[in-house]
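Colleague: Can you look at this prediction? I've put the sequence above it.
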Amino acid sequence: MAQDDILAFQPSSYEQDNTSVEALLKKAFHSGGDDKTSIRDMVEALGYASLLPTLMVVAMAVVSPLSGIPLFSSICGVLIALTSVELLIRRKHLWLPGFLMRRQVSSRKLANAYRWAEGPARWLDRVSRPRLQFLVRRPLVWIAQIACLLAGAVMPFLELVPFTSSILGLAVFLMGFGMLVRDGLFALLGLLVIAALVGAVTLVVV
């Protein structure tokens, strides 16, 4: 395996540096050069031990206008699924294959996405607090982690179905945020978003 496929950097967690979600998004979405930003640039900006921040940033990217880029939602879905697996097995550092890490997106579009997400992120920082913490602790936290895994895994198959990837991205973001700040209410909201989407699809199909 190539050296650049193995990611093992020092921890940089939400709890350690008290970074707000707004600051995490700004750090990731402004991490590249003037022209292009790679997945590697974004993950390195967050720190390779920051699995939950990485999960959240990728999910927010799917919710943002960036989801209109062809295959962008599929790539993000794979990233979400891989990161969720690593959360489930309690890896200390994030590992992602090199071909995904080399994927690039326009730095200008990322900056626009940050401006779009800045207000909601600031609001989340203001209203979140430790609640329903049993939902974001083992063993119940496995429910949210598995839901994130499944949401990411199906995104590539829903690329051409309008809004579905963005809705799943919102659910993953809410669950990741809830796990990060120990606010089980947001993790529960994410699960409810997935349940509502599954219910709506079932009604349409039936």
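Modeller: That came through fine.
Colleague: which stretches of the protein form strands?
Modeller: Assigned by DSSP state E, the strands in the chain fall at 36-38, 104-106.
Colleague: Next, format those as CSV and append mean neighbour count, mean pLDDT and distance to residue 200.
Modeller: Every residue, glycine included, has its C-beta placed from N, CA and C. Shown next, in CSV, are these (neighbours: other CB atoms under 10 Å; pLDDT from 0 to 100; distance: least, CB to CB, whole Å):
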stretch, mean neighbour count, mean pLDDT, distance to residue 200
strand 36-38, 18, 93, 34
strand 104-106, 17, 92, 29
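Colleague: Columns distance to residue 180 on top of those, output as a markdown table?
Modeller: As requested, these are exported to a markdown table (distance: least, CB to CB, whole Å):
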| stretch | distance to residue 180 |
| --- | --- |
| strand 36-38 | 22 |
| strand 104-106 | 23 |
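Colleague: quick one: which of these is nearest residue 118?
Modeller: The closest of these to residue 118 is strand 36-38. By CB to CB, the value is 17.0 Å.
Colleague: just checking, what packs against the closest one?
Modeller: Judged by 3 or more CB pairs under 8 Å, 6 or more residues apart in numbering; DSSP states H and E, the packing partners of strand 36-38 are strand 104-106, helix 107-127.
Colleague: which residues sit against that strand?
Modeller: Contacts with strand 36-38, where a contact means CB atoms under 8 Å, 6 or more residues apart in numbering, come from 29, 31, 32, 101, 102, 103, 104, 105, 106, 107, 110.
Colleague: again with stretch 65-81
Modeller: 39, 54-55, 58-59, 61-62, 96, 100, 103, 105, 109-110, 112-113, 116, 148-149, 151-156, 158-159, 165-166, 168-169, 172.
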